[in-house]
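J.: Whatever this is, show me its structure:
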Amino acid sequence: MQIKHIPFSRRKKNQRAQAMMEFALALPVLIVLLYGIVELSRLIFIFASVANASRQAARYGAGSGELDGVTYYQDCDGIRATANRSALLTEFDDINITYDRGLTEDGEQVPILDIDSDPDSDTCPVDDNIIRNGDRIIVQVSASYEPILPIIPIDPLEIVSANARTFLISVPIFGSAFPTGFAAESSTPSRVPSRTPSGNETATTPPTIPPTFNATYEAYRTANPRTPTNTLPPTLTFTPSATLPPTAIPSSTATAIMCTGEFGVSHGPLEFDDNIMRMWIFNNTGYNLRVASVYLEWNHDTGGNPSLRLNKAQLAGQTWVGELFTPSGFIPGYFPSLPSGQSYIEFEFDQDYGFKDGTERIIITIGTPGCLNYPVDSSK
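T.: The predicted structure follows:
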């Protein structure tokens, strides 16, 4: 068997041709692999941009306070601008803003009256009179993805991200200082003790000084010269007879007012009767207490049909009459007194309270010293 000898130059050319052929076969696979990495990176980047935009926009809308007189949850342009600032190398198709009451234990949305809580809807801005504490703002952002090169005929892929945040429209602040004792005074003024001079004491009538409102010092000194006759004699002494008699001691003892403990102020549970919300109050201090404020929360949109309005408040015969159409707030200009013993406060609405959602709450703040800022809270 003969071995054919191949020249080195020819062998080198054959190797180059083989490498070129192998590269030509591997190049399409490499290009497809690199293109797939680029497209997958674009898809992940768009998804991250959409998720971050919805999250940042919901955080902006859930902020407390106002910007140029507009609350954040009603600032639709500001919410969308916040979402668009997260759109790096991406253009969003839709930015929808809506609201709901949160989720039930089964994970279902609790809608707001006349508001479509579907994230696909856009209901911003929303009116103040249908929003209450604990509601949520929902921001949904969507964008489309399609390959740079239509190598594979696929339809554009829609990427959607929705984010919800709870916001507050009002925060009642109540004092929490520990109540201090207060000495209640009687209506009878205290007796003023008088002293009877002893037998060896000379009673001296003090000189009468005329008014000197417009008199100069020289005129006053001329009209009232100082003489030694005004000096008390050396024989003036004080004897035990000047001691106050026992009858000068006040007959009444001050009692401290406290709103805590056994002799404090407590309350019963909330009661509902047709269109009435009521709570019993037990004032065991033995004194009439002054009420500094009355705060109320109620389910004003789904509690009735179509909505609940507060028309009347009454505490121990002291009545407030008006109209409130808010989810929570202080009763304006209402500062009744809380009598000693058992009484109740009740609120009358324009229609039956049809649905209780657990947000109902009454807070009565005491303003009497000793019980200052003490809250009678139905939730505690």
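
J.: tell me the SS of the closest residue to Ile151 other than its chain neighbours?
T.: Distance criterion CB to CB, 6 or more residues apart in numbering; nearest residue to Ile151, sequence neighbours excluded, is Tyr35 at 7.5 Å. Placement of C-beta: from N, CA and C, glycine included. With DSSP: H, G, I helix; E, B strand; the rest coil as the basis, Tyr35 sits in helix.

J.: For Tyr35, give its distance to Pro150.
T.: Per CB to CB, to the nearest Å, Tyr35 is found 12 Å from Pro150.

J.: circling back: what's the neighbour count on the residue nearest to Ile151?
T.: 14 (other CB atoms under 10 Å).

J.: Repeat that for Met277.
T.: Neighbourhood size, Met277 [other CB under 10 Å]: 24.

J.: Now do the contacts for it.
T.: Taking CB atoms under 8 Å, 6 or more residues apart in numbering, we find Met277 in contact with 270-271, 298, 346-347, 349, 353, 360, 362.

J.: quick one: strands adjacent to the host helix or strand of it?
T.: Met277 belongs to strand 276-283 when assigned by DSSP states H and E. Strand 276-283 has the following strand partners under DSSP bridges: strand 265-273 (antiparallel), strand 341-349 (antiparallel).

J.: For the helix or strand following that strand, name the packing helices and strands.
T.: The helix or strand immediately downstream of strand 276-283 is strand 289-297, counting by DSSP H and E. In this structure, strand 289-297 makes packing contacts with strand 310-315, strand 328-330, strand 337-338, strand 361-366, judged by 3 or more CB pairs under 8 Å, 6 or more residues apart in numbering; DSSP states H and E.

J.: Now the first one - C-alpha only, CSV.
T.: The C-alpha atoms that make up strand 310-315 are tabulated as CSV, following Å, rounded to 0.1, in the frame of the first residue of the first chain:
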residue,chain,number,x,y,z
LEU,A,310,-76.0,62.9,57.5
ASN,A,311,-78.8,65.2,58.5
LYS,A,312,-78.9,65.2,62.3
ALA,A,313,-76.7,64.5,65.4
GLN,A,314,-78.0,64.5,68.9
LEU,A,315,-76.3,64.0,72.3
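
J.: Let me know the angle separating that strand from strand 361-366.
T.: 40 degrees (axes from the mean of the first three to the mean of the last three CA atoms, to 10 degrees).

J.: Counting neighbours, show which residues of the helix or strand just after strand 310-315 come out buried.
T.: Following strand 310-315 in sequence order, the next helix or strand is strand 318-324 (DSSP H and E). Neighbour-count burial for strand 318-324 flags 320, 324 (criterion: 16 or more other CB atoms under 10 Å).

J.: go on, stretch 268-281?
T.: 275, 277-279, 281.

J.: cool, and stretch 150-162?
T.: Applying 16+ other CB under 10 Å to stretch 150-162 flags 159-162 as buried.

J.: same thing with stretch 343-351?
T.: For stretch 343-351, the neighbour count (16+ other CB under 10 Å) marks 345-349 as buried.

J.: for those residues, which one is nearest Gln18?
T.: Taking CB to CB as the measure, Gln18 lies nearest Phe349 of these, at 91.6 Å.

J.: Beta-bridge partners for that closest one, please?
T.: Under the criterion used (DSSP bridges), Phe349 bridges to Leu310.

J.: Please enumerate the helices of this protein.
T.: Counting by DSSP state H, one finds helices in the chain at the ranges 8-61, 76-84, 217-223.

J.: Turn the ones you listed into a markdown table, columns for mean pLDDT and distance to Pro332.
T.: Converted to a markdown table, the helices of the chain look like this (pLDDT from 0 to 100; distance: least, CB to CB, whole Å):
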| stretch | mean pLDDT | distance to Pro332 |
| --- | --- | --- |
| helix 8-61 | 86 | 29 |
| helix 76-84 | 93 | 31 |
| helix 217-223 | 58 | 58 |
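
J.: Tell me which of these lies nearest to Leu308.
T.: Taking the helices of the chain one by one with CB to CB, helix 8-61 is closest: 26.3 Å.
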